[in-house]
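Chemist: Provide a 3D model corresponding to the input given below.
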Amino acid sequence: MMDSQRDLSFTAIFQQTINFIRNRFSLIALSCIVLGLINTLVINSIINPKQLMAELELFNQYGIISDYVIRSAIILYLVNTVLVSIILSIICNLSMSNKLNPSLIFSQILPICLNILGFSVLYMLICIPIVILFLLVLSIIGLLLPQMVSLLLILVIGCTALVIYKSIFNYFLVSAAQPNTMPFFQRFSACHKFFFQNWKAPVLMILISVIFTGILSGISSLLGKNIVFDVISTSLAVFADFFIFSFFYRLYSVNNNIESTKSDDNNKLIIS
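Modeler: Numbering: from 1, shown residues only. Take a look at the predicted model:
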């Protein structure tokens, strides 16, 4: 157990991820720039930022969600889903070879997209009754506690739930990118089991990614809307995603090796 915990430690996986990125930096950097450029051009050609901000302002004032906001949200989700699928496909490719194989990358995009959609829909169905129950409990607590304390409690619980969700989601995604035949629901169950047994490394990585994303968003807002700055900031965000998913990919691989070793040891004991 001690060896397993050491192998799955944040420091060890983080160092492996740095080595993985460093050894393939030119290919990953080129991929980030290309994906950042394509992502920026696609979103800017489909979504009008000024109209979206105007519609969001109406929502803030009157609480009315327009069709344009809903369409924009769906488009952003789908574009992000495809982008994440491509990133995971490239990581899987580069983990097996130091050269990019377009046929391998494109063959994995659709299955990963379907896994993302399946996970999102399943989690939404699970979370709806939980959120309703949570809101009912908070409404009761709100009558007993001061308003600031209630808001702070909601913020803490919400942030904690989001970090846990992102940790489980990322681990599930890298399992979907791996060449295995494990069924969807088995992987869905396995990623939850893994998180609750080894939560420290995933949570630390998610917290670091949140801090980096916050800094990057702050710098982007200061620079203002500009196609060049948008491409640079998007490329940096894609690179951050590469690092995060590479970390979870290494985490998944190391954990699988540990599980395989345990299984082999158990089989040896049974045979003997």
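Chemist: So residue 76 sits against residue 44, correct?
Modeler: No. Using CB atoms under 8 Å as the test, residue 76 is too far from residue 44 to be in contact (12.0 Å). (Each C-beta comes from the backbone N, C-alpha and C, glycine too.)
Chemist: And for the spatially closest residue to residue 23 that is not a sequence neighbour, the neighbour number?
Modeler: Excluding the flanking residues, the one nearest residue 23 by CB to CB, 6 or more residues apart in numbering is residue 98, at 7.6 Å. Residue 98 has 10 neighbours, counted by other CB atoms under 10 Å.
Chemist: State the distance from residue 98 to residue 126.
Modeler: For residue 98, the distance to residue 126 equals 40 Å [CB to CB, to the nearest Å].
Chemist: that older thread, do I have it right that the residue nearest to residue 23 meets residue 24?
Modeler: Yes. Applying CB under 8 Å, one finds residue 98 in contact with residue 24, separated by 6.4 Å.
Chemist: what separates the helix or strand harbouring residue 107 from the chain centre, distance-wise?
Modeler: Following DSSP states H and E, one finds residue 107 within helix 102-144. Relative to its chain's centre, helix 102-144 lies at 12 Å (CA atoms, centre = their mean, to the nearest Å).
Chemist: could you say what helices and strands that helix packs with?
Modeler: Judged by 3 or more CB pairs under 8 Å, 6 or more residues apart in numbering; DSSP states H and E, the packing partners of helix 102-144 are helix 67-96, helix 147-177, helix 184-197.
Chemist: Would you tell me which of these gets closest to residue 233?
Modeler: Comparison of those against residue 233 by CB to CB identifies helix 67-96 as nearest, at 14.2 Å.
Chemist: Which strands and helices lie in contact with that closest one?
Modeler: helix 25-46, helix 49-62, helix 102-144, helix 147-177, helix 227-271.
Chemist: mind listing what residue 98 touches?
Modeler: 23-24, 27 (CB atoms under 8 Å, 6 or more residues apart in numbering).
Chemist: Among the residues you listed, the buried ones, what's the PyMOL command?
Modeler: Under the burial definition 16 or more other CB atoms under 10 Å, those of the contacts of residue 98 that qualify are selected in PyMOL by:
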select buried, resi 24
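Chemist: Local confidence estimate at residue 10?
Modeler: For residue 10, the model assigns a pLDDT of 91.
Chemist: Okay, the residue nearest to residue 141 when sequence neighbours are not counted and residue 135: tell me how far apart.
Modeler: Using CB to CB, 6+ apart and skipping residues adjacent in sequence, the residue nearest residue 141 is residue 150, 6.3 Å away. Separation of residue 150 from residue 135 (CB to CB): 12 Å.
Chemist: pLDDT below threshold where in the stretch 101-250 of the chain?
Modeler: 179-181, 224 (pLDDT under 70).
Chemist: what secondary structure does the residue nearest to residue 23 sit in?
Modeler: Under DSSP: H, G, I helix; E, B strand; the rest coil, residue 98 falls in the coil class.
Chemist: quick one, phi/psi of it?
Modeler: phi -90, psi 10 (degrees, to the nearest 10).
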